[in-house]
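Trainee: Okay, predicted coordinates and the sequence, questions at the end:
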Amino acid sequence: MRILVVGRGGREHAIVWALAKSAKITKIYCAPGNAGIAEFAENVPIQEDQFEELAQFALDHVVDLVVVGPEDPLFAGIVDVLESHRIPVFGPRKNAAIIEGSKVFTKDLMKKYSIPTAAYESFTDYESAHAYLREQSLPIVIKADGLAAGKGVTVASTWEEAETALRDIMVQKSFGDAGNSVVIEECLTGQEMSILAFVDGEVVRPMVPAQDHKPVYDNDRGPNTGGMGTYSPVPHIPQSIVDEAIATILKPTAKAMVAEGRPFRGVLYAGLMITPDGPKTIEFNCRFGDPETQVVLPRLETELVDIFLATVNGRLQDMEISWTDEAAVCVVLASGGYPGPYEKGMPISGLNDVRESIVFHAGTAEKDGQIVTNGGRLLGVTALGADLAEARAKAYEDVERIVYEGRHYRTDIGKKAFDLSQQG
């Protein structure tokens, strides 16, 4: 089999790494890829938004399956374009990718089908939104409606913070057209958890749960990022709660999308809050999470390509998917200054000294035979262990072996879960 993976980040590196383990696959291409992906795949200089060029490449190289990693091309309709050329593709069509592309659509869907989520209102004009905001209590959550690279959400604990966020989205247009509408919702409290699932219409096959760390600094301080690290399993959240979330959120959402004439096929990602009233939905994404993928796929025992093909061919209901009992921890290494401005082109050393971990590249490039920094989140250092403590220790040992100017990472990835599970 010949496979083309679309994307350039740590998530795509993890997908390529997992696919490369299969003897069924003879060739993997990645467009455009990154410096780390080049170890397993041939990088192709085609951008994620060049749909016709990607289709032509797939046809010319007799590609058997295209796997789309990022959300932007999914929401823009890459699957529809590829399918129009009769190219098999893993990922939701445009009308289903709206579940991530529009928060207003998704909140309205959950309200219509009684899927647990936070109370909310949505607005298209600033004055109405501001008037509503002043009637609410703090803390409050303010979300740009459209895609904002994971950065269009503010959890405001002061009125100044709330009003600034609303003004940035709707007046300053900090996120462009993504801020044409805004969702203002109650702030849920509890433990966060991510559950990703392979979905084909009403068939839902959940993956093992994970927990992300969004804020840039230790102890969940500082601005939110795309994710500074993650771990799986989530030992302090009982399996009964995971099962409840699947039964009351993921499966009803898949059925709701079919009922709405938007059948979902691909990976449905539920960002959840485990509240005193049970699991509630924070958000849905229409693709693998980043960096959740970097801990979920290393725990997968079933061949990933078999799951992709079963989903695309309508056979997901026949799949038996198995997972290892090992724990996985991923620590993200970022550029100094991220998520704000940062410099690029800093040489990265020590990658060959890593002993126990898989290093997934994200914002890296190769220059004159040297791996250099080329983004905000650079590397995801993932280790497996018999339990969370062992995986965490291995990951941090290897993190210390990687050096570059401005190196930044959180030192507490997984610590909360480890501490809470020891208490419980």
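Mentor: It's in.
Trainee: can you list the domain ranges for this structure.
Mentor: Here the domain parsing of the chain from automatic domain parsing is 2-97, 119-186, 191-318, 327-423.
Trainee: how far out from the middle of the chain is the shortest one?
Mentor: It stands for domain 119-186. The chain centroid and the centroid of domain 119-186 are separated by 22 Å, computed with C-alpha atoms, centre = their mean, to the nearest Å.
Trainee: what do you get for the third one?
Mentor: Relative to its parent chain, domain 191-318 has a centroid offset of 9 Å by C-alpha atoms, centre = their mean.
Trainee: Check the separation of the first and last residues in that domain.
Mentor: From its first residue to its last, domain 191-318 covers 33 Å (C-alpha to C-alpha, to the nearest Å).
Trainee: same question, the shortest one
Mentor: The stretch domain 119-186 measures 6 Å between its terminal residues, going by C-alpha to C-alpha.
Trainee: if we can go back for a sec, nearest to residue 107, out of the domains of the chain?
Mentor: With C-beta to C-beta as the criterion, residue 107 lies closest to domain 119-186 of these, at 5.2 Å. The way it works is simple: take the backbone N, C-alpha and C, and place the C-beta from them, glycine included.
Trainee: picking that back up, using a markdown table, lay out the domains of the chain together with mean neighbour count, distance to residue 109 and mean pLDDT.
Mentor: Formatted as a markdown table, the domains of the chain follow (neighbours: other C-beta atoms under 10 Å; distance: least, C-beta to C-beta, whole Å; pLDDT from 0 to 100):
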| stretch | mean neighbour count | distance to residue 109 | mean pLDDT |
| --- | --- | --- | --- |
| domain 2-97 | 21 | 11 | 98 |
| domain 119-186 | 17 | 12 | 92 |
| domain 191-318 | 20 | 6 | 96 |
| domain 327-423 | 19 | 29 | 94 |
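Trainee: Next, format those domains as CSV and append distance to residue 110.
Mentor: Shown next, in CSV, are the domains of the chain (distance: least, C-beta to C-beta, whole Å):
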stretch, distance to residue 110
domain 2-97, 15
domain 119-186, 9
domain 191-318, 6
domain 327-423, 27
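Trainee: Can you say which of the ones you listed is nearest to residue 112?
Mentor: Going by C-beta to C-beta, the one of those nearest residue 112 is domain 191-318, 7.4 Å.
Trainee: What segments of the stretch 101-250 of the chain are strands?
Mentor: 120-123, 140-144, 153-156, 182-186, 191-200, 203-206, 211-212, 215-217, 221-224, 229-232 (DSSP state E, counting those that start in this stretch).
Trainee: Equivalent analysis for the stretch 251-400 of the chain, please.
Mentor: 265-275, 278-285, 327-334, 358-361, 364-367, 370-373, 377-385.
Trainee: can you put these in JSON lines and add distance to residue 4?
Mentor: Shown next, in JSON lines, are the strands of the stretch 251-400 of the chain (distance: least, C-beta to C-beta, whole Å):
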{"stretch": "strand 265-275", "distance to residue 4": "16"}
{"stretch": "strand 278-285", "distance to residue 4": "22"}
{"stretch": "strand 327-334", "distance to residue 4": "25"}
{"stretch": "strand 358-361", "distance to residue 4": "18"}
{"stretch": "strand 364-367", "distance to residue 4": "21"}
{"stretch": "strand 370-373", "distance to residue 4": "24"}
{"stretch": "strand 377-385", "distance to residue 4": "22"}
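Trainee: wait, isn't residue 63 in contact with residue 57?
Mentor: Yes: counting by C-beta atoms under 8 Å, residue 57 is a contact partner of residue 63 at 7.5 Å.
Trainee: Can you check which residues contact both of these two?
Mentor: 4, 29 (C-beta atoms under 8 Å, 6 or more residues apart in numbering).
Trainee: rewinding a little: turn the strands of the stretch 101-250 of the chain into JSON lines, columns for distance to residue 171.
Mentor: Formatted as JSON lines, the strands of the stretch 101-250 of the chain follow (distance: least, C-beta to C-beta, whole Å):
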{"stretch": "strand 120-123", "distance to residue 171": "13"}
{"stretch": "strand 140-144", "distance to residue 171": "12"}
{"stretch": "strand 153-156", "distance to residue 171": "14"}
{"stretch": "strand 182-186", "distance to residue 171": "11"}
{"stretch": "strand 191-200", "distance to residue 171": "30"}
{"stretch": "strand 203-206", "distance to residue 171": "40"}
{"stretch": "strand 211-212", "distance to residue 171": "30"}
{"stretch": "strand 215-217", "distance to residue 171": "25"}
{"stretch": "strand 221-224", "distance to residue 171": "20"}
{"stretch": "strand 229-232", "distance to residue 171": "34"}
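Trainee: nearest to residue 31, of those?
Mentor: strand 191-200 (22.8 Å).
Trainee: And the contacts of stretch 26-43?
Mentor: 1-9, 12-13, 16-17, 19-20, 44-48, 54, 57, 61, 63, 359-366, 371, 374, 379.
Trainee: Would you mind naming the residues that bridge with the nearest residue to residue 345 once chain neighbours are set aside?
Mentor: Spatial nearest neighbour of residue 345, chain neighbours left out: residue 372 (5.1 Å); criterion: C-beta to C-beta, 6 or more residues apart in numbering. Beta bridges link residue 372 to residue 347, residue 365, judged by DSSP bridges.
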